[in-house]
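Trainee: With the input below, show me the fold.
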Amino acid sequence: MNIRVTPGLLRGAVTPPPSKSLSHRALIAGRLAGAADRIENLASSQDIEATKRCLDALFRLDSGFPLLDCGESGSTLRFLIPLSLVLRGGAKFTGHGRLMDRPQEPYFDIFRKTGVHFEKSPGELAVMGALRPGVFELPGDVSSQFVTGLLYALPLLPGDSEIVITSPLESREYVTMTVEVLKKYGISVENLDFQRFFVNGNQKYTPCDYTVEADWSQAGFWYAARSLGNPVDILGLDPRSPQGDRLVAELAEALNKPGTVTVDLAQIPDLLPPLAAMAALRDGETYFVNAARLRMKESDRIAATWAMLRAFGVKCAEGPDFLTVTGADSLSSCTVDGANDHRIVMAAAVLATRASGPVTVLDAQAVGKSYPNFFEEYKRLGGIADVL
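Mentor: Next comes the predicted model:
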């Protein structure tokens, strides 16, 4: 689906959708506790539907070796690989887009040491064997999702385990989210400065009522809209949230001031597209650094963000792990390749409000991955976006 946006300001109040990250985590813990029906304000998106579908397959005990279709959800895939070993002795995982090409080596290294069998073929991954208590070493600079996957599975084992992080942990607040959700469901994890995690075995997930808070990651696009001159009020966010992307509020203030700004993306990789949109018209240069992991998202997100900004006429430069943006005086009418990436599509739509003429955004259906009603909200705020 392609969309043509006619420039014009957005006005009004908007509440971001429920947190996708917390929804994944609550769904898994709730299902393990037998209380998934007690989750309120659950996010609705393709990624969350993938987690629901895969959990159904894992808990369908009469279905033989389970087949889990993870869609394009990296969280679903990485969170459920260890659990599949504990609950079912393994599973076959499939996915779409770039999902099955995303790195899984941290798990593979563990499997080689522990005797878990895995087979990777184009579009598929099969894991078979038993996950046993012990010491699990993980690099911290690939994805925190591997830590979360183990944290869900290890409490169910018959003995105590330890996760050792062998390099500085990036996206650490996502692990904080995991630990907090686990605590709500009766699971204890000892976090020693994000370097070691001690997990007792023989724990049991206990039911609870859980309400998912609003999503700071998705709020980033409305913060970008406001930075670009759209009078938008953003409601319903918890400033004390465990979500690391709550930093978008602070960063928006910094980017609204002239001069050179450096943004370290190591802990907040998902914020690159909205922050780059904020940088597009500011007075000064913006340096986004420590971004190498973004090359293995739904798109090569550094390259896709660079291409989006260039289409609008913004001067920028990319490198292996950075993006530099020089603020422009105006934005051009253009066509933007959405790269089948929900975050690129939303950033482009926000930038289009300030363009000199109509903007065509390709692959606009990608918003369904995380924010299915984004364009409905966009239009409710006065935006003009027509399906071509």
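Trainee: Can you name the residues that contact Val336?
Mentor: For Val336, the contact set (C-beta atoms under 8 Å, 6 or more residues apart in numbering) comprises Ala307, Met308, Ala311, Phe312, Ile344, Ala348, Val359, Thr360, Val361, Leu362. Just so you know, the C-beta spots here come from the backbone N, C-alpha and C atoms, and that holds for glycine as well.
Trainee: got a list of what the last one touches?
Mentor: Right, the one you point to is Leu362. Neighbour list for Leu362: Asn2, Thr335, Val336, Asp337, Gly338 [criterion: C-beta under 8 Å, 6+ apart].
Trainee: right, and the last one touches Val359 too?
Mentor: Looking back up the chat, that one is Gly338. No - look at Gly338 against Val359 with C-beta atoms under 8 Å: they stay out of range, at 11.3 Å.
Trainee: Find residues that contact each of these two.
Mentor: Residues touching both Gly338 and Val359 (C-beta under 8 Å, 6+ apart) are Ala348.
Trainee: Save the contacts of Leu362 as CSV, and put in distance to Asn200, pLDDT and secondary structure too.
Mentor: Compiled in CSV, these are given as follows (distance: C-beta to C-beta, whole Å; pLDDT from 0 to 100; DSSP: H, G, I helix; E, B strand; the rest coil):
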residue, distance to Asn200, pLDDT, secondary structure
Asn2, 52, 97, coil
Thr335, 55, 98, strand
Val336, 50, 98, strand
Asp337, 49, 97, coil
Gly338, 45, 97, coil
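Trainee: For PyMOL, write the select line for the buried members of the residues you listed.
Mentor: Of the contacts of Leu362, the buried ones go into a single PyMOL selection, burial set by 16 or more other C-beta atoms under 10 Å:
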select buried, resi 336+337+338
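Trainee: ok, the contacts of Leu362 vs Pro17, which is closest?
Mentor: Proximity of the contacts of Leu362 to Pro17 (C-beta to C-beta) peaks at Gly338, which lies at 19.1 Å.
Trainee: Just the pLDDT at the nearest residue to that closest one once chain neighbours are set aside, thanks.
Mentor: Setting aside the residues directly before and after it, Gly338 is nearest to Asp363 in space (C-beta to C-beta, 6 or more residues apart in numbering), at 3.4 Å. Note for Asp363: predicted pLDDT of 97.
Trainee: Now do the same contact list for Asp363.
Mentor: Taking C-beta under 8 Å, 6+ apart as the definition, contacts of Asp363 comprise Met1, Asn2, Asp337, Gly338, Ala339, Asn340, Asp341, Val345.
Trainee: all helices of the stretch 101-250 of the chain, in order?
Mentor: Secondary structure of the stretch 101-250 of the chain (DSSP state H, counting those that start in this stretch): helices located at 105-114, 145-153, 172-184, 216-227, 247-255.
Trainee: what's near enough to touch the spatially closest residue to Val336 that is not a sequence neighbour?
Mentor: Sequence neighbours aside, Ala348 is the residue nearest to Val336 in space, at 4.2 Å (criterion: C-beta to C-beta, 6+ apart). Neighbour list for Ala348: Met308, Val336, Gly338, Val359, Val361 [criterion: C-beta under 8 Å, 6+ apart].
Trainee: Ala348 and Ala224, how far apart?
Mentor: Plainly put, Ala348 is 11 Å away from Ala224 if you go by C-beta to C-beta, to the nearest Å.
Trainee: With Pro358 instead?
Mentor: Separation of Pro358 from Ala224 (C-beta to C-beta): 20 Å.
Trainee: what about the two, which has more around it?
Mentor: Comparing Pro358 with Ala224 by other C-beta atoms under 10 Å, the one with more neighbours is Ala224, at 29 against 15.
Trainee: Identify the residues contacting that one.
Mentor: With contact set as C-beta under 8 Å, 6+ apart, Ala224 has these partners: Ala252, Pro274, Leu275, Ala277, Met278, Ala347, Val350, Leu351.
Trainee: can you list these in a markdown table and add neighbour count?
Mentor: Below are the contacts of Ala224 laid out as a markdown table (neighbours: other C-beta atoms under 10 Å):
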| residue | neighbour count |
| --- | --- |
| Ala252 | 20 |
| Pro274 | 28 |
| Leu275 | 29 |
| Ala277 | 33 |
| Met278 | 30 |
| Ala347 | 29 |
| Val350 | 29 |
| Leu351 | 31 |
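Trainee: related to what we said a few turns ago, tell me which of the contacts of Asp363 is nearest to Thr148?
Mentor: Proximity to Thr148 was ranked across the contacts of Asp363 by C-beta to C-beta; first place goes to Asp341, at 22.1 Å.
Trainee: Give me the neighbour count for that closest one.
Mentor: Counted by other C-beta under 10 Å, the residues lying close to Asp341 total 27.
Trainee: check contacts around it.
Mentor: The contact partners of Asp341, taken as C-beta under 8 Å, 6+ apart, are Lys297, Glu298, Ser299, Arg301, Ala304, Asp363, Ala366.
Trainee: how near is the residue at the greatest distance from the centre of the chain to Arg88?
Mentor: Relative to the centre of the chain, and counting by C-alpha atoms, centre = their mean, the farthest-placed residue is Asp62 at 32.3 Å. Computed with C-beta to C-beta, the distance linking Asp62 and Arg88 is 12 Å.
Trainee: With Leu265 instead?
Mentor: Distance of Leu265 to Arg88, computed by C-beta to C-beta: 36 Å.
Trainee: These two: which is more packed in?
Mentor: Neighbour totals were compared for Leu265 and Arg88, and Leu265 leads with 23 against 20 (other C-beta under 10 Å).
Trainee: quick one: that one from Tyr185, how far?
Mentor: Applying C-beta to C-beta, one obtains 30 Å for the distance of Leu265 from Tyr185.
Trainee: Leu77 too?
Mentor: In this structure, Leu77 and Tyr185 are 21 Å apart, going by C-beta to C-beta.
Trainee: ditto for Gln195
Mentor: With the distance defined as C-beta to C-beta, Gln195 ends up 24 Å from Tyr185.
Trainee: So for these two, which sits in the more crowded spot?
Mentor: Neighbours of Gln195 and Tyr185, each counted by other C-beta under 10 Å, are more numerous for Tyr185; the result is 23 against 13.
Trainee: No further queries at this time; thank you.
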